[in-house]
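[1] here are the coordinates; sequence isn't available:
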């Protein structure tokens, strides 16, 4: 079963009186447990597609089904609830809340659950351990390096144990070494924790870590590079 | 409650802005609380007014006195229980030989026809011994506990007053002996003044060569439901006289007397409203700035699964916390200030001032309400905001 099933999706933005077609009848299937990289030039619709998969935007037409739920059938409130349970979002610029510590940032999605404070803290600590930052739990974002901030953001994305992770250029703001660490982490989440990952990137080295590379151009899938298995950690350097 | 630390952290982050807004809010609540307390005290007499008491005065003005002879004629009208003569004396300490009136220590003093007056005004509680001593001494004075405290007067103390009203100026001060210090039941008459001085009307009348006249006839009626009819009957009795009367209920009389000072309530309430509106704008601006700076954060929260309603509640919660803190601080400041208002000469005549618990609670709530209203626009903006458009603008 496909973790992500995008069927004939069109997305049109209106700017003044002009219609801008960003996605034009695009279809995409991502099987459960696959790591997909979406590549393409700026304006090709990568981020828009990612937003549709993450349920933070709606298509003009077509159908998006993620983790067995057709997102078009959900109301705004239902969609918010669905996002909190089924999808983890990793931003290019980390987007941590500056007034909260690393632990509190990771705990943020769990505030929406019925977990006790102690359970929330335990789960957040576990997520920080997974990303190797349990010793920085009480640090604020300004006290962390870019790579560490992104790892905290990844911990925040996985703390609710979602089936699908979407990452919008997760290494785009990092130096090569930090980028390597983040890619290793994403690979581990995919291989060891069986997370389905959809990652937008401009970086061919990052894309090489995925099982599949999908190339978008002008709102449609232009080509695809299938790899049988992910590139081993460290090989991209 | 689990979101409270999140709200508090944001307020702490921009602590200068937060404290400035809270201070502005506190000043607003402080000012309105003090003004409302003063207003309540100012109009306290209206609350004390008895429904079974009427006041008959000169139709033209309070400045004009009524003939003494009207007393028995009023008393003869059906439905009337008793009548008491009453004159505002306007006595000042130190206006005699020195020629300088002591306006700083001015207090209300009245010449009253003691027996009926004290009977129809149970607000003044005297011991039987004090009342007997007062009734037997033409120069006797009943003073309020605030005067005893302020001037150190005791039973037997003597003092002098000279009136500022020309017909009552007799070329020398009136001499008085304290014969009674009244007490007031705070539960039954919470707003009754504690610094009034009463003395015998006859003392004034005789000392002025029987030229004083009567300021007002205070009338006690048998049936409060007949107040209008009795008032009409009194005024009708003197309708064709040279000196016509105007009879009102005590509440109407006090109201018209207070109205002579202008519409204090309108002025004070306008000030309060203007201040509140200004603070509302300041707080709204603060909240809008805070939310504008956090567009990315709002987008992130929504991406994580926070519903628009929850985001709206978090922003409103932040605004309410500012309002409530400002309200609480303002109420505490007002409580301290109100307790010291009695020291201001113009306000020293008012009943003991205290910030009532109901007003304190209302003002605290008002602070939170202003916070809520000020947060509405940015909160609704965040509620409606689209995640992708917010992320694009970051």
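    Received, thanks. Treat the numbers as computed from the prediction; the structure is a model and nothing was measured.
[2] ok, residue A:190 touching residue A:33?
    Yes: using CB atoms under 8 Å, residue A:190 makes contact with residue A:33 at a distance of 7.2 Å. C-betas here are computed from N, CA, C, even on glycine.
[3] Now the common contact residues for the two.
    In terms of CB atoms under 8 Å, 6 or more residues apart in numbering or on different chains, residue A:190 and residue A:33 are both contacted by the residues residue A:196.
[4] Which one's more surrounded, the two?
    residue A:190 (21 against 15; other CB atoms under 10 Å in any protein chain shown).
[5] For the helix or strand that contains the more buried one, what does the pLDDT average out to?
    Secondary structure from DSSP states H and E places residue A:190 in helix A:176-191. Averaging pLDDT along helix A:176-191 gives 92.
[6] Can you point out the buried residues in that helix?
    Residues A:178, A:179, A:180, A:181, A:182, A:183, A:185, A:186, A:187, A:189, A:190 are the ones in helix A:176-191 that count as buried (16 or more other CB atoms under 10 Å in any protein chain shown).
[7] Distance to chain B for those - can I get that in JSON lines?
    Supplementary listing: the buried residues of helix A:176-191 in JSON lines, determined by distance: CB to the nearest CB, whole Å:
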{"residue": "A:178", "distance to chain B": "21"}
{"residue": "A:179", "distance to chain B": "21"}
{"residue": "A:180", "distance to chain B": "25"}
{"residue": "A:181", "distance to chain B": "22"}
{"residue": "A:182", "distance to chain B": "18"}
{"residue": "A:183", "distance to chain B": "22"}
{"residue": "A:185", "distance to chain B": "19"}
{"residue": "A:186", "distance to chain B": "18"}
{"residue": "A:187", "distance to chain B": "23"}
{"residue": "A:189", "distance to chain B": "18"}
{"residue": "A:190", "distance to chain B": "21"}
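[8] which residue packs closest to the residue in the stretch 201-350 of chain B that chain A sits nearest to, ignoring adjacent ones?
    Proximity of the stretch 201-350 of chain B to chain A (CB to the nearest CB) peaks at residue B:305, 2.5 Å away. Residue nearest to residue B:305 in three dimensions, not counting chain neighbours: residue A:84, with 2.5 Å by CB to CB, 6 or more residues apart in numbering or on different chains.
[9] Helix, strand, or coil at the one you found?
    Three-state assignment for residue A:84 (DSSP: H, G, I helix; E, B strand; the rest coil): helix.
[10] Just confirm it contacts residue B:304, I think it does.
    Yes: with contact defined as CB under 8 Å, residue A:84 and residue B:304 form a contacting pair (6.4 Å).
[11] Overlap of the contact sets of those two?
    A:109, A:112.
[12] Which positions in the longest helix belonging to chain B come out as buried?
    Taking DSSP state H as the criterion, chain B has its longest helix at helix B:308-339. The neighbour-count check on helix B:308-339 (16+ other CB under 10 Å) flags B:308, B:310-335, B:337-338 as buried.
[13] in the stretch 201-350 of chain B, what spans have low per-residue confidence?
    B:260-262, B:342-350 (pLDDT under 70).
[14] Quick one: name the residues of it near chain A.
    With the criterion set to CB under 8 Å from any CB of the partner chain, the stretch 201-350 of chain B comes near chain A through B:296-297, B:299-310.
[15] one more time with 6 Å
    B:296, B:297, B:300, B:303, B:304, B:305, B:307 (CB under 6 Å from any CB of the partner chain).
[16] could those go into a markdown table alongside secondary structure and distance to residue A:144?
    Compiled in a markdown table, those are given as follows (DSSP: H, G, I helix; E, B strand; the rest coil; distance: CB to CB, whole Å):
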| residue | secondary structure | distance to residue A:144 |
| --- | --- | --- |
| B:296 | helix | 17 |
| B:297 | helix | 17 |
| B:300 | helix | 16 |
| B:303 | helix | 20 |
| B:304 | helix | 19 |
| B:305 | coil | 24 |
| B:307 | coil | 29 |
